[in-house]
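Asks: I need the structure of the sequence given here:
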Amino acid sequence: MSKIQINTPLSKDTLQSLKAGDQVLLSGIIYTARDAAHARLIAALDNNETLPFDIKDQVIYYVGPTPTKPGQAFGSAGPTTSYRMDAYTPRLIEEGLVGMIGKGKRSQEVKDAMKGKAIYFAAVGGAAALMGKCVVSAEVIAYDDLGAEAIRKLEVKDLPIIVINDLLGNDLYLSGQAAYLESKGDK
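Replies: Residues are numbered from 1 along each chain as shown. Got it, this is the predicted structure:
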């Protein structure tokens with residue numbers, strides 16, 4: 001199966017072309033943030049403060065890197081469980097966030113907020129070293145006191161991810177399970 005190459009920022013046309021199950025190689029600028037950083041982003045919005053980066057048409061990778069080895073831009077970059085960000089995600093989508101990368105299912109509230117606006121990608125757990133090698137450059141841009149959970153601006157090249165939830169509301173976790181059960185004669 002061929003992989004679809006896409007670049008950030010994600011355009012509406014790119015978002016509309018992606019379907020649940022598509023294998024993607026993502027290149028461009030993305031941002032890292034986990035739950036502590038998400039809480040601060042929402043607090044900033046609640047206080048009418050400017051976010052540390054323009055979130056419109058951007059992608060957030062739910063990751064906290066391991067220490068960077070000599071000669072590398074970033075440490076291992078395995079995805080964090082996405083439901084930890086679910087309380088914050090609908091608000092960020094309202095602000096223009098169009099892509100998220102993590103692992104695991106999303107809540108129905110997040111899936112509803114994504115319809116027609118944003119896509120959720122999964123990064124393969126267990127491939128953290130490979131994912132880290134896709135990072136060309138990295139810099140902390142906010143919340144340095146959070147250590148590994150600080151917000152980083154990453155430049156990535158051919159980051160391998162899979163579309164889980166597309167703009168139409170399709171969910172690969174549900175359709176994949178249904179296809180498997182059907183192939184086994186279970187319904």
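Asks: could you say which helix or strand holds Ser175?
Replies: Per DSSP states H and E, Ser175 falls inside helix 172-183.
Asks: for that helix, what is the average pLDDT?
Replies: Averaging the model's pLDDT scores along helix 172-183 yields 76.
Asks: do stretch 36-51 as well
Replies: Here the average pLDDT along stretch 36-51 is 97.
Asks: swap in stretch 145-152?
Replies: Mean predicted confidence for stretch 145-152 is 94.
Asks: for this structure, which segments are assigned as helices?
Replies: 12-17, 35-46, 89-94, 108-114, 128-133, 172-183 (DSSP state H).
Asks: find the centremost residue of the protein, please.
Replies: Ile101 (1.8 Å; Cα atoms, centre = their mean).
Asks: beta-bridge partners for that one, please?
Replies: Taking DSSP bridges, one obtains Tyr61, Phe121 as the residues bridged to Ile101.
Asks: residues in contact with it?
Replies: The contact partners of Ile101, by Cβ atoms under 8 Å, 6 or more residues apart in numbering, come to 26, 30, 59-63, 79, 120-123, 159, 161. Any C-beta I mention is one placed from the backbone N, CA and C, and that applies to glycine too.
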